[in-house]
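Undergrad: Task: produce atomic coordinates for the following.
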Amino acid sequence: MDQEKFDEEFKKLWEESPLSHSDSEKEASWEQFRAKTFSEKKRKSKPWHLYAAASVLLFTLIGTGIYFNQETAAENIVLAENVIENTTSAIKHVVLPDSSKVELGPNSKIIYGNNFALNRKIEIDGEAYFKVKKDKQHPFQVFCDETTTTVLGTSFTVKESENEEVTVELFEGSVQMNIKGQNQKWILKPGDKFTYGNQTASVTEFSRFIDFDNEKLSVISQYIEENYSYKVNIPKENLNQKITIRINKKEDLKTILQLISEMYNLNFEINEDLKQITFQ
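TA: Just a heads-up that it's a prediction; the model follows:
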């Protein structure tokens with residue numbers, strides 16, 4: 001995008017300020033901002049669009065964030081008007097506008113635009129598990145630090161540690177990994193773990209499953225409580241019954257409950273208000 005066209009698009013965003021400002025105030029404010037920010041000297045010495053092509057930038061303009069990543073600015077502008085933050089110690093379940101699902105970890109947040117259904121770009125700070133709805137026409141991209149995860153229809157986790165190491169674990173489907181400033185791409189298959197830190201990338205294997213070998217049902221109920229944030233009530237006469245089962249670590253909760261109910265001829269009821277599961 002040339003500078004003149006960018007100025008026009010940027011000015012449109014500027015003019016979307018609250019109605020309490022008059023047109024003359026908006027025009028004067030824009031001219032003042034433009035003079036300071038896009039001076040000829042700055043254009044020559046600091047070509048912002050080159051920086052935007054090399055990294056993901058987040059800044060605020062009248063409460064509106066804009067993201068840029070690798071491609072031209074026109075193709076990647078995302079209005080960051082939606083911020084969902086989990087300040088609790090439990091997993092927060094989020095349904096995105098395209099019906100994709102997110103399990104947002106404690107002390108984590110995601111940011112995406114109002115046009116998300118058409119421009120499926122999302123930034124994460126912390127840890128989240130994504131179960132993405134397939135849409136070949138609109139790729140799903142997750143930005144975390146210097147990494148970009150492009151989804152090809154799948155479920156996966158993204159986590160950034162305190163030392164800014166990013167890990168992506170793929171449970172189902174396929175994802176493509178890219179790193180800012182590098183041409184290399186990594187295509188992950190289920191069971192692959194991608195790690196990036198200290199400018200070094202690696203792909204290793206991880207276990208997607210957890211095995212319970214002749215364990216009591218009370219152990220399974222504890223696992224559900226810790227990983228799905230639901231209190232589980234099992235009849236006393238069943239608590240010490242043994243079970244041998246392999247579970248995908250990101251298995252749908254209802255699938256686990258149905259397996260238990262069928263194996264022990266129990267019925268279950270889910271109380272979403274109380275976050276409680278009762279077998280009887």
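Undergrad: List the contacts of the residue most central in space within the chain.
TA: The centroid of the chain falls nearest to I124 when counting by CA atoms, centre = their mean (4.9 Å). By CB atoms under 8 Å, 6 or more residues apart in numbering, I124 lies in contact with S108, K109, I110, I111, V142, F143, C144, V158, E160. Every C-beta, even on glycine, is put in place using the N, C-alpha and C of the backbone.
Undergrad: Is it in a helix, a strand, or coil?
TA: Classification of I124 using DSSP: H, G, I helix; E, B strand; the rest coil returns strand.
Undergrad: Tell me how far it lies from T149.
TA: With distances defined as CB to CB, to the nearest Å, the gap from I124 to T149 amounts to 9 Å.
Undergrad: For the helix or strand containing T255, which helices and strands make contact with it?
TA: Per DSSP states H and E: T255 is located in helix 253-263. When contacts are defined as 3 or more CB pairs under 8 Å, 6 or more residues apart in numbering; DSSP states H and E, helix 253-263 packs onto helix 217-228, strand 242-248, strand 268-271, strand 276-279.
Undergrad: what's the closest of the ones you listed to L188?
TA: Closest to L188 of the helices and strands packed on helix 253-263 is strand 242-248 (CB to CB; 16.5 Å).
Undergrad: ok and that closest one relative to helix 253-263, angle-wise?
TA: Per axes from the mean of the first three to the mean of the last three CA atoms, to 10 degrees, the angle that strand 242-248 makes with helix 253-263 is 150 degrees.
Undergrad: average pLDDT across strand 242-248?
TA: What strand 242-248 shows for mean pLDDT is 87.
Undergrad: List every C-alpha atom in it, with coordinates, as PDB.
TA: Provided in PDB are the C-alpha atoms of strand 242-248 (Å, rounded to 0.1, in the frame of the first residue of the first chain):
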ATOM      1  CA  LYS A 242     -11.900 -49.900  39.200                       C
ATOM      2  CA  ILE A 243     -11.600 -48.700  35.700                       C
ATOM      3  CA  THR A 244      -9.000 -49.100  32.900                       C
ATOM      4  CA  ILE A 245      -9.300 -46.400  30.200                       C
ATOM      5  CA  ARG A 246      -7.200 -44.300  27.900                       C
ATOM      6  CA  ILE A 247      -8.500 -40.700  27.400                       C
ATOM      7  CA  ASN A 248      -7.400 -38.000  25.000                       C
END
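Undergrad: Okay, angle between that strand and helix 217-228 too, please.
TA: Counting by the same axes, to 10 degrees, strand 242-248 lies at 20 degrees to helix 217-228.
Undergrad: quick one: contacts of strand 242-248?
TA: Taking CB under 8 Å, 6+ apart as the rule, strand 242-248 contacts 171, 208-217, 220, 256, 259-260, 263.
Undergrad: If we use 6 Å, what do you get?
TA: Residues outside strand 242-248 that contact it (CB atoms under 6 Å, 6 or more residues apart in numbering): R208, F209, I210, D211, F212, D213, N214, L217.
Undergrad: which of the residues you listed has the most neighbours?
TA: Each of those was scored for neighbours by other CB atoms under 10 Å, and L217 scores highest at 22 neighbours.
Undergrad: Return the distance of it relative to I247.
TA: Per CB to CB, L217 is found 13 Å from I247.
Undergrad: do K185 as well
TA: According to CB to CB, K185 stands 32 Å off from I247.
Undergrad: The two: which is more packed in?
TA: Of the pair K185 and I247, I247 is the one with more neighbours under other CB under 10 Å, namely 18 against 10.
Undergrad: Look up how far Y112 lies from the more buried one.
TA: Noted for I247: a distance of 30 Å to Y112, by CB to CB.
Undergrad: now do E226
TA: Counting by CB to CB, the gap from E226 to Y112 is 28 Å.
Undergrad: Which one's more surrounded, those two?
TA: Y112 (25 against 9).
Undergrad: Now stretch 157-172: buried residues?
TA: T157, V158, K159, E160, V166, T167, V168, E169, L170, F171 (16 or more other CB atoms under 10 Å).
Undergrad: can you list contacts of it?
TA: If you take CB under 6 Å, 6+ apart as the criterion, stretch 157-172 is touched by 124, 127-129, 142, 144-145, 147, 149, 154-156, 188, 190, 192-197, 206, 208, 250.
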